[in-house]
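> with the sequence up front, the predicted model follows.
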Amino acid sequence: EALPAPQANAMAAVIEPLMTGQPAPWLLYMAGVFMALILQWTGLPALAFALGMYLPLSVNTPVLAGGLIAHWVAQGGTEKQQKKRNEKGTLMASGFVAGGAIMGVIAALVRFTGISTTGDQEWTVDHAIGLSQWATENAGSAVVTLVVFCLLGFYLYKGARNAGND
């Protein structure tokens, strides 16, 4: 089973016709150019719009959450405090991105090598936390993921917000 790579697939779809000699969808490219121009004229960031168009919601949700956290962190305080908070938040978020990338590489290596992470027994989060009797399949994984996502968001908010309180 292949690992998903939406960013790479989006770029490959644009570059492949140019590299293989196939006819490129120039009409679609021009539509994108005009859409980007209209977005710029209206003051909307074209890159953020493009991310929303091409990448799945599972990739865009953390971006939206990070934007909301950055907005909440920037509320109140002096300009100096806001600058320190922004720098700290950017540093922490960059660490999250780097950590996620490292864990993605580790997960790909584990999947590629075929190493069993559960031993001989069938193990799921649902079974481990006792949800397998009454919940749908993988409900426990979704709950644990949501809780960890919220905790990381709260940690990012508190860490960045406290940076300007020197």
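Structure's in. What do you need? In this text, all values refer to a predicted model and were calculated from it rather than measured experimentally. Numbers count the residues shown, from 1 in each chain.

> now stretch 53-64 - C-alpha only, CSV.
Backbone C-alpha positions of stretch 53-64 (Å, rounded to 0.1, in the frame of the first residue of the first chain) are rendered in CSV as follows:
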residue,chain,number,x,y,z
MET,A,53,-8.0,23.7,-3.8
TYR,A,54,-5.4,21.0,-4.3
LEU,A,55,-4.6,19.5,-0.9
PRO,A,56,-7.1,17.3,1.0
LEU,A,57,-8.8,18.6,4.1
SER,A,58,-6.6,16.4,6.4
VAL,A,59,-3.6,18.4,5.2
ASN,A,60,-5.3,21.8,5.4
THR,A,61,-7.0,21.4,8.8
PRO,A,62,-3.7,21.8,10.7
VAL,A,63,-2.9,24.9,8.6
LEU,A,64,-6.3,26.4,9.6
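
> thought residue 85 was touching residue 72?
No. The pair residue 85 / residue 72 is not scored as a contact, 10.2 Å apart, by C-beta atoms under 8 Å. Quick note: C-beta positions are derived from backbone N, CA and C, even for glycine.

> okay, the two: which has more neighbours?
Using other C-beta atoms under 10 Å as the criterion, residue 85 and residue 72 rank with residue 85 on top: 24 against 13.

> could I get the contacting residues of the more buried one?
By C-beta atoms under 8 Å, 6 or more residues apart in numbering, the residues touching residue 85 are 73-74, 77, 160-161, 163-164.

> quick one: which of these is nearest residue 42?
Nearest to residue 42 among the contacts of residue 85: residue 74, at 23.0 Å, using C-beta to C-beta.

> now for the closest one, how many residues are close by?
Residue 74 has 17 neighbours, counted by other C-beta under 10 Å.

> what separates it from residue 48, distance-wise?
Distance, residue 74 to residue 48, by C-beta to C-beta, to the nearest Å: 17 Å.

> report the longest helix in this protein, please.
helix 79-113 (DSSP state H).

> now do that helix: distance to the chain's middle.
10 Å (C-alpha atoms, centre = their mean, to the nearest Å).

> and the average pLDDT for it is what?
When pLDDT is averaged along helix 79-113, the result is 90.

> same question for stretch 25-44.
90.

> okay, helices next: where are they in this structure?
Along the chain, counting by DSSP H, helices occupy 6-20, 26-42, 46-54, 57-74, 79-113, 125-128, 139-161.

> the longest one vs helix 139-161, what angle?
Calculated by axes from the mean of the first three to the mean of the last three C-alpha atoms, to 10 degrees, helix 79-113 forms an angle of 150 degrees with helix 139-161.

> now do helix 79-113 against helix 57-74, angle only.
With the same axes, to 10 degrees as the basis, helix 79-113 and helix 57-74 are set at 160 degrees to each other.
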